[in-house]
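Chemist: model the following, please.
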Amino acid sequence: MISKLFNSLRESLSDIPDGASIMVGGFGLAGQPKELIDALLDQGAKDLVIVNNNAGNGDTGLAALLAAGRVRKIVCSFPRQSDSHVFDALYRAGKIELELVPQGNLAERIRAGGAGIGAFFTPTGAGTLLAEGKEQRTINGRDYVLEYPLQADYALIKALKGDRWGNLVYRKTARNFGPIMASASRITVAQVDEIVELGALDPEAIVTPGLFVQRVVAIGAEK
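Modeler: All right, here's what the predicted structure looks like:
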């Protein structure tokens, strides 16, 4: 019997090594797998490369991971906002690397990583500092920049419901980066509010098929 269910958050992250690359879902706090991030903080892995839309909010979740000095580099599109003081202080002190990627490019680089696309040309960033050192072409009179896909060792994502095969459905906009990150990572760990019986999810409503998910943890049970 195939079952991807794990009994605890800690167990689902136990094999993450130092230096791992990890995609973390969420758009700000929407869809952020905070409980998985807290478990990663407890787990102890360091020297991490994090791919996320933001660079942490306030002092919890991803910001707490940064504050603990566990992240070597972050790849994101929106590193600064009113409550991103943890990242801001680390970056100004030279204690963290930043790869800044326009949001559309970030999403497409992750999607390309999951789809097996070798590279793609995009007009976003052409003629700016973000294009320095990258191949550029003019196509049909418009300037484009060559971008490469993003993949990761792990993806930590949040979904509303899941079954033992790893099929997932999301709550409205909380799905954001979750589906593409699941497809672009070697091991996807999904925290869900509820585990349902196999067959209980409408096949037409499943956004992330279990093919892309290796581990599922119900945070409702832990709470």
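Chemist: buried residues in stretch 145-156?
Modeler: Buried residues in stretch 145-156, counted by 16 or more other CB atoms under 10 Å: 145, 147, 149-156. All C-beta spots, glycine's among them, are computed from the backbone N, C-alpha and C.
Chemist: average pLDDT across the biggest helix by length in the chain?
Modeler: The helix that spans the most residues within the chain, counting by DSSP state H, is helix 103-115. In this model, helix 103-115 has an average pLDDT of 97.
Chemist: repeat for stretch 55-71
Modeler: pLDDT averaged over stretch 55-71 gives 93.
Chemist: ditto for stretch 150-162
Modeler: In this model, stretch 150-162 has an average pLDDT of 98.
Chemist: mean pLDDT per helix and strand in the chain: which one sits at the bottom?
Modeler: Across the helices and strands of the chain, mean confidence by mean pLDDT, DSSP states H and E is lowest for helix 219-222: a mean of 63.
Chemist: how about the buried residues of stretch 145-156 in a markdown table, adding secondary structure and distance to residue 123?
Modeler: Shown next, in a markdown table, are those (DSSP: H, G, I helix; E, B strand; the rest coil; distance: CB to CB, whole Å):
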| residue | secondary structure | distance to residue 123 |
| --- | --- | --- |
| 145 | strand | 7 |
| 147 | strand | 11 |
| 149 | coil | 18 |
| 150 | coil | 19 |
| 151 | coil | 24 |
| 152 | strand | 26 |
| 153 | strand | 31 |
| 154 | strand | 31 |
| 155 | strand | 28 |
| 156 | strand | 31 |
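Chemist: just send those residues back as TSV, with distance to residue 33 too.
Modeler: What follows is these, written out as TSV (distance: CB to CB, whole Å):
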residue	distance to residue 33
145	31
147	26
149	22
150	18
151	19
152	14
153	16
154	11
155	9
156	5
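Chemist: relative to residue 82, which of these is nearest.
Modeler: Among these, residue 156 lies closest to residue 82 (CB to CB), at 24.6 Å.
Chemist: now the closest one, nearest residue through space, not along the chain?
Modeler: In this structure, residue 156 finds its nearest non-sequential neighbour in residue 36, 4.4 Å apart by CB to CB, 6 or more residues apart in numbering.
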